[in-house]
Structure formats: C-alpha cells, structure tokens
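>>> need a structure here:
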Amino acid sequence: MGRDEQQALTLLHDNREIHKNCIENHDGKLLKEMGDGILAQFNSALDAVQCAIEIQQHALGRVEGKLRIGIHLGDVIIEHNDVFGDGVNIASRLQAIADPGGIYISESVQKAIRSRKDIAVQYLCKVALKNVDYPLKTYALKGNGFPVTTVTKIEELSYKSSRRSKFLQLPYIILMASVIIIITIAGWWWLSTLKPNEIRIAVLPVENMTMVENGDFIVKGMHTAIIDEVNKVSSIMVTSKTSSAKYKDGNKTIPEIARELNVEMLVESELTQIGDSVQLRFRLIQAFPEEQIWSISYSKPTADILSIFGNVAMEISRVTNIDLSPEDILRFTQTREVNPQAYQAYLTGMGYLYELSRNGIDKALQYFNLSLAKDPDYAPAHLGVSFVWAARRQQGFVSMSEAMPKIENSLSTAISLDSTLVEVHYQLAINNTWILWKWEEAGKEFIRTLEIDPNHAEARAYYSHYLNIMHRYDESDEQIVKALELQPFSALIQSLYGMHLNHTRQYDKAIKLLRATLKEDPDNVTALSTLWTIYHNSEMYEEALETAKLWYSAKNENVIVDILINEYVEGNYDLAMKAVAEAYILKMDTTYVTPWQITTLYTRANMQNEALNWLEIAYKEHDANMPYINTDPIFDKIKDKPRFQSIINKMGLPQ
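Residues are numbered from 1 along each chain as shown. Take a look at the predicted model:
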C-alpha cells in the first residue's frame, strides 16, 4: 500500500529468518527456498502443524503481509539434490489455494492430528488438484485468528475446476518434496505496487444515539450512503450493507466479525444528532490484532453531510496508504450540499424500503414524497420513488400497467437531474431487462453500472441473470461468483445464485446452497420460491409440495396452505397445483394476482394448454418475470410448442 518492491524484499527476508527458527524449534528441516516460498520437512504431522501455527501467529501482528501454508503427509523422491513426488506436489497445491493467513491440510494430516483437542479443523470439500489424479479431502485449521473460508470459495474449489487454474499460476509455486511431511509457505504481500484492490473493509451499521423520530430508519439509509462513498475508492473492497447489517446488535467481537466477513478492517460509526446540524463519530479498527488506528468526530450543518462521507473515504485511504487519483480527490472534495429536511426524509424512506414489506414500501413512498416536497429537484428522492414502484411490481402488489408509467416518469426525472448516480444506471438496467425488454440497452446499462461501481454485488447478480436470459452462460457464471465474493452472507445473492444454478440445471448444488440459506433465514420467500422450483424441476414432488407450503406460510397465505394440505392427501401433486391455480383465479376478482404465478402453477400441474393460455396473458401484461421463459427449465415441456415459440420471437429473446 504505497510501498516499493525493496520494502517487500526486506519484509520477506525478515520473515524468512523467523520461519527458519520456527522450523528448527519443531525438529524440522528447511529443504529449499524459491521466490517467496519455502519447503520444509518434519518427522511428524503434529510437528509440522504446530510449526505452521507458530509461523502464522508471528505473522498475525504484521499488517504488511499474510502467509499461505499447505501441509501434506506423503511419499517423496530425492534425486540429484532435489525432491519430487506426490507429497511435494500436493503440499504446494494446498498452499496455492489456501486463504491468506490460513493453513490447509490434506486428509492424511487431519487423520494424524485428529486426537488433538487443542487443534481445531474445518472440513472444506474434495478438491481436484492439478497433476493429482483423485479428489483430495481438504481441511483448514480454524481458531487462533485464522481466516474463515467463505462459502463462495468452498463452492469454487469443490466444483469449478476450470477456475482453480488461477491459483496455480503464481510465480512461487514450489515443485519439491520431502520424505514424510511437506509444508510450503508463500507470502501474499498486500502492497499496492504488487497487488491492488486487496484491502477489504466492512462498514458496520450506524449506531443511533439520537432521540429523533424514525432515527432507526435514518441510520439504515445512512449506512448505505457511507458504504457507497467508501466504495468509490477503487483500491478498497467494501462488504455490502446486507452482509454487514446483521452485526447491528454488537453480539460479536471485532475479530469474529472480521473472520466471518473476510475483512481486515471495520468502520464503526455513531449518529448523535441530526436536524439542521449533524454530529457523527467514526472509528477505523484493525482486526488482527485488534487495534483502533483512526478516529474522528464531525459536527457540521446537515447540508454538508455528503462532504463528511467523502472525508471519511479520504481519511481511510490516507491511513491505509492508498494513493487517490486527482479525479478521486476532486470527487470527494467538491461541494455537494443537500437540503437537510429533504435528505433526512430520503434516508428515512430508504430505511423503510429495505424492509421490502408492503407496509415498508408504502411508508418509503410517503417519505420520498416528503423529501420532494422539501426539494423538488432532489434526484435521489425521484429515484427512490421509482424503486418503490419497481418493488411494488416485483412483489406482485400492482399490475405492470399501473407501475410502468410511475417508474419511467420518476426515473427519467432523476436522470435529467443527475445522470452520474450509479443507482440511476442500475435501475435503467433493471427496467430495460424486466420491464421494457430492451435487451441491448439493458446490457449497456449493466456494464455502465459496473464501470462506476465494480463492487455493486446486486448489479452483478442481476447482470448474471440477464446473461442467462441471453444464453451467455459462461459470462453469467463469472458475474454471479463475483457477486457472492462481494456479499457471501447475503440471502438475496445466495437465492439469485440458486436461480442461476437452476437455469444451468445444477440442481444438486442449488438444493444444497438454498437449504443452507434457509437454515439461516427460514422465511426468506425468494429462497423458498427458488427451492420449490428446483425440487419441481428435479421431479422431487414431495419436497416441492412441502417447500410450497413453507413459501405460502411465509407470505401469510394460510388459505393456500390449507388447499395444499387437503388436495395432497393422496399424494397427487398435479391436483394440488391445479387447485391453487384455480384459487388464485377466483382471487383475481378482489386482488391483483400476477398471471405468471398462475402460469407456473399450471405448468407444475402439467396442464400445458392452460399454462400457455396464461403465459400469453402474462406476455400481454408485460409481466416482469417473462424474460426468464427461455432459460427456466420449468418450461421444458412446452418450450417447443408453436404458441410458446411465438412469444419468444415477439419478445426478441434468443432461442
């Protein structure tokens, strides 16, 4: 981070001396040095593991770099003063894929140390390693300040062998071995001249210390605003609001949160006053070892609140030795005054909108309108109104004909007032995909969104879905994996990943993923709906029926749950789906129901003509789910029908 390569070499030399001493202290033998990696031999697996732990403990206190360590117990060949064999190959491959700051071990090592209660390990998965002709059960040591391997990485290691090659192209891969135990150690130096974009920060929820009305909703909106501002620094990767929001109650320590989110530093903040003036306090805390490295308080007119957020981004860059470009400095220092009352109402509206309930969405619209009453030219509030109507449409609360004019009018006004807002381009991408069906324009807006904010996880996830709709599945896979890396704990991103796995017919992986998601968030309607679809597509009808009941229960539609129970008495899944479809048709007399929902129910009931009838109605109503018809396997049985193909052609979708 602003250091030159000579400093990196000095750091490497100093660490190498520490490593040599640790190896000797545990009766090991240093076999070879290569680049920033070393190879060592030990007489027992326990000696190797204890040495590795000691080395990592020494490295823990250094903010300049982290190490990766791999250990394997296996046979080797010594020839011409060099060492070869599976033992060395496996150890070096484990080192290459290990988490920075972590220790990966093979099953042979795990078995040798499993009686030791003081050494905790986590099973990861079976990994296909290069030049190893069998999948290797791989474990990571846990506790002692070691990083927690993310779900995203485990998924990547377990089934995306094509992606593993990136771990094996490092210049310090070591192809050597020892007689019994191999431990390879490679430095991963966080220096901006060598590897940018490696600073990972989490912004924790803003603590509300005020007594103002709707204060808790104000700080929810403020939390996102701070994240968005810090995220503008290209060399800082900030975890999403969704991932960090769950730590609002402060039940976990800073190191625990950092391990779970896979970050190095955390930002804490407190709002103590807001009105015509605002008072905020910020702290930047290093997680390993835990230490406050920066703290500042602001007391300014609320009109200048955006300058506070910009200053926070600049200060974090300064204390982490990140060099800002002249463009960055100009962006953070330029005058961006807001109407205090308009801004406060806008933040409150965003806080309500995040609930995504009918009441929360209604409340959000009230506050966005209040914001516009205070400042009719406030672009974010106009954008907020478009979010409200898009959410109402997506949740099935209103028809497309009612929502579309509201969305387009609010969005066009926001664009005319401020076309630089990243959320403007994101909303354009969403609208062009799921509302207007303008495929080329949608792709351009997704790309523009990610140019402005490469860390916009939701944009990447929905871009992945757009690419699925366009049948560009390899590109889609890259985007959804990146989204998961950015937001590994987001139930929404995990659910969208589950949909992607459904579109690409990876049902077993999707089921495993969504079950884990629902274990943490049992009433998540997106995950439940996706899992129901995947069970149906997998012809696991009993599981599909049970998941459908959970979905309707989560939506408080107990009448539908009763229908499912009564109609499935004799195990007739088709009959149960038909009965629910008919119940929704009757319900349309008093409540808006999306034709897409009835379409998919008839599809599940294997009633093809009825499904096609309602699919044509969904097309005429411009149902927001229609873009998925050419990629969702639920339509496999009718996709060759002329009526289905006619809709595909009229929508301009790829066959």
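
>>> Quick check, Ala624 in contact with Thr433.
No: between Ala624 and Thr433 there is no contact, the gap being 9.2 Å when judged by Cβ atoms under 8 Å. All C-beta spots, glycine's among them, are computed from the backbone N, C-alpha and C.

>>> Tell me how many other residues crowd the nearest residue to Pro135 once chain neighbours are set aside.
Spatial nearest neighbour of Pro135, chain neighbours left out: Lys126 (3.8 Å); criterion: Cβ to Cβ, 6 or more residues apart in numbering. As a burial measure, Lys126 scores 14 neighbours (other Cβ atoms under 10 Å).

>>> Could you confirm Lys126 falls within a helix?
No: assigned with DSSP: H, G, I helix; E, B strand; the rest coil, Lys126 falls outside any helix and is strand.

>>> So for Gly85, what pLDDT did the model give?
Per-residue confidence (pLDDT) for Gly85: 66.

>>> and if you look at Ala186?
On the pLDDT scale, Ala186 is placed at 41.

>>> when you give positions from now on, start the count at 12
With 12 as the first residue, the last one maps to Ala197.

>>> contacts for whichever strand or helix holds Thr283?
Per DSSP states H and E: Thr283 is located in strand 276-285. For strand 276-285, the external contacting residues (Cβ atoms under 8 Å, 6 or more residues apart in numbering) are 210-215, 217-221, 223, 226, 229-230, 233, 237, 241, 265, 268-269, 289-298, 304, 310, 313, 323, 327, 331, 355.

>>> how about 6 Å then?
Strand 276-285 is contacted by residues 212-215, 217-221, 223, 230, 265, 290-297 when judged by Cβ atoms under 6 Å, 6 or more residues apart in numbering.

>>> out of those residues, which are inside helices?
Val230, Ile265 (DSSP state H).

>>> Drop anything exposed from the contacts of strand 276-285.
Among the contacts of strand 276-285, those buried by neighbour count (16 or more other Cβ atoms under 10 Å) are 212-215, 217, 219, 221, 230, 265, 290-297.

>>> At which residues are the strands of the stretch 62-211 of the chain located?
76-84, 88-90, 93-95, 114-117, 131-138, 147-153, 192-200, 210-214 (DSSP state E, counting those that start in this stretch).

>>> For stretch 443-458, which outside residues touch it?
Contacts with stretch 443-458, where a contact means Cβ under 6 Å, 6+ apart, come from His436, Leu439, Ala440, Tyr474, Tyr477, Ala635, Pro638, Met662.

>>> now the chain, which segments are flagged as low pLDDT?
For the chain, the stretches flagged by pLDDT under 70 are 12-27, 44-48, 71-77, 86-97, 141-142, 162-163, 170-209, 581-582.

>>> ok, now which ones touch the residue nearest to the spatial centre of it?
Geometric centre of the chain, nearest residue: Gln498, 2.0 Å, by Cα atoms, centre = their mean. By Cβ under 6 Å, 6+ apart, the residues touching Gln498 are Ser251, Thr253, Ser254, Ala468, Ile504.

>>> Please look at the second one and Ser501 and confirm they touch.
Yes: counting by Cβ atoms under 6 Å, Thr253 does reach Ser501; the two are 4.0 Å apart.

>>> Tell me which of these two has more neighbours.
More crowded of Thr253 and Ser501, by other Cβ under 10 Å: Ser501, with 24 against 18.

>>> State whether the more buried one and Ser255 are indeed in contact, as I suppose.
No: with contact defined as Cβ under 6 Å, Ser501 and Ser255 do not form a contacting pair (10.1 Å).

>>> in the strand holding Thr283, what counts as buried?
Across strand 276-285, burial judged by 16+ other Cβ under 10 Å covers Met276, Leu277, Val278, Glu279, Ser280, Glu281, Leu282, Ile285.

>>> Give me the nearest residue to the first one, chain neighbours excluded.
Nearest residue to Met276, sequence neighbours excluded (Cβ to Cβ, 6+ apart): Ile212, at 4.9 Å.

>>> How about the contacts made by that neighbour?
Ile247, Val249, Val274, Met276.

>>> Over to Ile130?
Counted by Cβ under 6 Å, 6+ apart, Ile130 has contacts Ile124.

>>> can you rerun that using 10 Å?
The contact partners of Ile130, by Cβ atoms under 10 Å, 6 or more residues apart in numbering, come to Leu57, Val60, Gln61, Ile64, Ile116, Gln121, Ile124, Leu152, Lys153, Gly154, Asn155.

>>> Select from those residues the one having the most neighbours.
Ranking these using other Cβ under 10 Å puts Ile116 first, with 30 neighbours.

>>> roughly how far apart are that one and Ile441?
Separation of Ile116 from Ile441 (Cβ to Cβ, to the nearest Å) stands at 45 Å.

>>> does Ile82 really touch Tyr115, like I thought?
Yes: using Cβ atoms under 10 Å, Ile82 is in contact with Tyr115, at 7.4 Å.

>>> who has more neighbours, these two?
Ile82 (31 against 28).

>>> That one bridge partners, please.
Here Ile82 sits in beta bridges with Ile116, Ile194, as judged by DSSP bridges.
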